[in-house]
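**Student:** curious how this folds, go ahead:
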Amino acid sequence: MSTFDPDALECLAAIVEEGGFERAARRLSITQSAVSQRLRALEAQVGTVLIVRSRPLKATSAGQLLLKHTKMLRLLRADLERDLKELAPSSLRGAREDERISIAINADSIATWALPALTGLAQQGLPMEIITDDQDFTHEWLRQGQVLGCVTTLKQALRGCKVVPLGAMEYVAVATPALARERLGFDALTAHNFREIPFVAFNRKDDMQSEFVGKAFGLKRVMLNQLFVPSSEGQVRAVLAGWGASVLPRLLAQERIDQGLLVNLAPACILPIQLYWHCWNLESEVLDALTAALIQSAGLALVA
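**Tutor:** Next up, the predicted model:
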């Protein structure tokens, strides 16, 4: 089997992660011409195109396999440095930009329980990159080999990966008391008035709002008037500013409900979303540390 040049592999990863040759050159501190030369050499060695020159740039199927291989090499280096730090801490330099350990986590988890889980590892110097996406889509980053682990709603383990249940995040529908009175006439959603109030969603992939309303009132098809704010904290601020209602994690909403800033529009309905941690099925101290940290924090914040 061919041995691939690690610099060429990191060049491929930089092109994909940075979205272009110029930004990849800046990250690697080389010329754009050198980036092109490394990629051409790697493509010649593999015997196929690795990058689709589109907008945005995308890795081909072969490119995705090499990208996954590059992530594995980063993980091996991170494990090695973790072990060496105990034996010869003064001999280690700081982590390089191209050695980042990438994981995909949904925005609501980042805004609530996930960052406290990762704080200790970040303080130890683990060069992490957190990629955010909707919880129903984070597993695609893992499937494509762009991250080594993800928090997702997918229960079935992906090929070559292991899965651990984390617990359920509870969601509630909220709005300001003033907006609830103005739009609904009273502080409760019903099957007849939910169309009277706009809902603030994360993005167009986010079906949390319609799923909540559908389950609350036994409706198969729900059409909502929606606004989009691609940030969990931003959704909270938009609701507090009176933009509309939203279905938010109880971890974010409960304190505002207790303070009277928000009102629970459907107190009898709580939507639990089960979350799972998927990661490559490899022997790795870094992966084990990430897994243990996420399980511990999720156990304190999520519902069993």
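
**Student:** chain neighbours aside, what residue packs nearest to Ile197?
**Tutor:** Spatial nearest neighbour of Ile197, chain neighbours left out: Arg183 (4.3 Å); criterion: Cβ to Cβ, 6 or more residues apart in numbering. For glycine as for every other residue, the C-beta is placed from the backbone atoms N, C-alpha and C.

**Student:** mind listing what's buried in the helix or strand encompassing the one you found?
**Tutor:** If you go by DSSP states H and E, Arg183 is part of helix 177-184. By neighbour count on 16 or more other Cβ atoms under 10 Å, the buried set for helix 177-184 is Leu179, Ala180, Arg183, Leu184.

**Student:** stretch 183-201 now?
**Tutor:** Arg183, Leu184, Leu189, Phe194, Ile197, Pro198, Phe199, Val200, Ala201.

**Student:** ok, and what's touching it?
**Tutor:** Residues from elsewhere that reach stretch 183-201, judged by Cβ atoms under 8 Å, 6 or more residues apart in numbering: 173, 175, 177, 179-181, 208-209, 213, 216-219, 222-229, 235, 238-239, 243-247, 263, 265-267.

**Student:** what's the first-to-last distance across that stretch?
**Tutor:** One end of stretch 183-201 to the other measures 18 Å (Cα to Cα, to the nearest Å).

**Student:** mean confidence for that stretch?
**Tutor:** If you average the pLDDT over stretch 183-201, you get 86.

**Student:** and for stretch 271-290?
**Tutor:** 90.

**Student:** tell me which residues of it are tucked away?
**Tutor:** Neighbour-count burial for stretch 271-290 [16+ other Cβ under 10 Å]: 271, 273-280, 282, 284, 286-287, 289-290.

**Student:** inside strands: which ones of those?
**Tutor:** Within these, residues falling in strands by DSSP state E are Leu271, Ile273, Gln274, Leu275, Tyr276, Trp277, His278, Cys279, Trp280.

**Student:** for those, could you give me CSV that also reports distance to Arg159?
**Tutor:** Listed next are these as CSV, based on distance: Cβ to Cβ, whole Å:
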residue, distance to Arg159
Leu271, 30
Ile273, 24
Gln274, 21
Leu275, 21
Tyr276, 15
Trp277, 17
His278, 11
Cys279, 13
Trp280, 10
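
**Student:** where along the stretch 1-150 of the chain do the strands fall?
**Tutor:** In the stretch 1-150 of the chain, the strands defined using DSSP state E, counting those that start in this stretch lie at 51-52, 58-59, 101-106, 128-133, 149-152.

**Student:** what residues sit buried inside stretch 116-132?
**Tutor:** Ala117, Leu118, Leu121, Leu126, Pro127, Met128, Ile130, Thr132.

**Student:** just give me the closest of those to Arg26.
**Tutor:** Arg26 lies nearest to Pro127 out of the buried residues of stretch 116-132, by Cβ to Cβ, at 17.7 Å.

**Student:** and the closest one, how far is that from Ser33?
**Tutor:** 27 Å (Cβ to Cβ, to the nearest Å).

**Student:** if we only consider the buried residues of stretch 271-290, which is nearest to Asp136?
**Tutor:** Distance to Asp136, by Cβ to Cβ, is smallest for Ile273 among those, at 9.3 Å.
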